[in-house]
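Participant: Predicted model follows, preceded by the sequence.
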Amino acid sequence: MPAFKGTRDPDLYLDWERKVEVIFDCHNYTEVKKVKLAVVEFSDYAASWWKKFSRDRLDNGELPIATWDEMRRVMRKPFVPSHFQRDLQKRLQNLRQGSMFVDDYFKAMDMAMIQANCNEDEEATMARFLNGLNGEISDVVELQQYVDLDKLVELAVKVEKQNKRKQQTSS
C-alpha cells in the first residue's frame, strides 16, 4: 500500500487514491479491511486528520467509516478543493497542441479527460482533438477520411511527419 501524508495537493491525493484502487482491485478484501489498510498507511497530517475525523464522528454518535467509497468521499473534502474539478475542466478546454508533438498532445488531452472525469461521445472527443491541433495539421487532417479517434490521431501524426520532412528538405 502506498503511504499518504495528507498533502493538500489534489493531484498527489488522487494519484494515491488511484494506486490504492489498483491494489484493492487485485485482492478480495472486505470493505472494512480496505478502510483499515488505507488508514495504516497514513502519516503526518493524514494520520492526525483521520484520528480527529474518526473521533468527531464517534462524539456525534455517527458510525465509523465502513466502506472504501465512503472513505474516498470524506477524504476528498479536505484533500481535493472544490474548485479543483472546475480547474481540470478549464485546463481541458484550453488545452492546445502548441509545441507538443501530436502524440504527446493526444496523451495530454486523454489524461486531462480522465482526470476531469470527462465522458463524452467519440465525435465530441474528435472535435476537441481537432480544435486543439495546430492549424497546419488540422487544416490537412480535416480534408481526409477518418472513422474513429484512433484513425484521426494516426492521420494527424502522419501529417505532422510529412510537414517535418517538407521543412527539412526546404532548409
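Facilitator: Looks like it came in fine.

Participant: quick one: contacts of stretch 128-143?
Facilitator: Around stretch 128-143, the neighbours that count as contacts under Cβ atoms under 8 Å, 6 or more residues apart in numbering are 95-98, 102, 105-106, 109, 120, 149, 152-153, 155-156, 159-160, 163. Yep, even glycine has a C-beta here, placed from its N, CA and C like the rest.

Participant: shaky segments in this protein?
Facilitator: 171 (pLDDT under 70).

Participant: Can you pull up the most central residue in it?
Facilitator: Closest to where the C-alpha atoms of the chain average out (Cα atoms, centre = their mean) is residue 115, at 2.2 Å.

Participant: Got a ChimeraX select line for the buried ones in the contacts of stretch 128-143?
Facilitator: A single ChimeraX command is used to select the members of these judged buried by 16 or more other Cβ atoms under 10 Å:
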select :95,97,102,105,106,109,149,152,153,155,156,159,160
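
Participant: Of the contacts of stretch 128-143, which belong to helices?
Facilitator: Cross-referencing the contacts of stretch 128-143 against helices under DSSP state H gives 102, 105-106, 109, 149, 152-153, 155-156, 159-160, 163.

Participant: which one of those residues is nearest residue 125?
Facilitator: residue 149 (5.8 Å; Cβ to Cβ).

Participant: ok, now which ones touch that closest one?
Facilitator: If you count contacts by Cβ under 8 Å, 6+ apart, then residue 149 has 122, 125-126, 129 around it.

Participant: And the helices in this structure?
Facilitator: Using DSSP H, helices in the chain cover 10-26, 31-40, 44-59, 68-79, 83-94, 102-115, 122-132, 135-141, 149-170.

Participant: For the fifth one, list every residue counted as buried.
Facilitator: Across helix 83-94, burial judged by 16+ other Cβ under 10 Å covers 84, 88, 92.

Participant: of all the residues you listed, which comes closest to residue 4?
Facilitator: Closest to residue 4, out of all of the buried residues of helix 83-94 and judged by Cβ to Cβ, is residue 84, at 16.9 Å.

Participant: residues near the nearest residue to the closest one once chain neighbours are set aside, how many?
Facilitator: Of all residues not flanking residue 84 in the chain, residue 10 sits nearest, at 4.6 Å (Cβ to Cβ, 6 or more residues apart in numbering). Using other Cβ atoms under 10 Å, residue 10 has 18 other residues around it.

Participant: Done for today, thanks.
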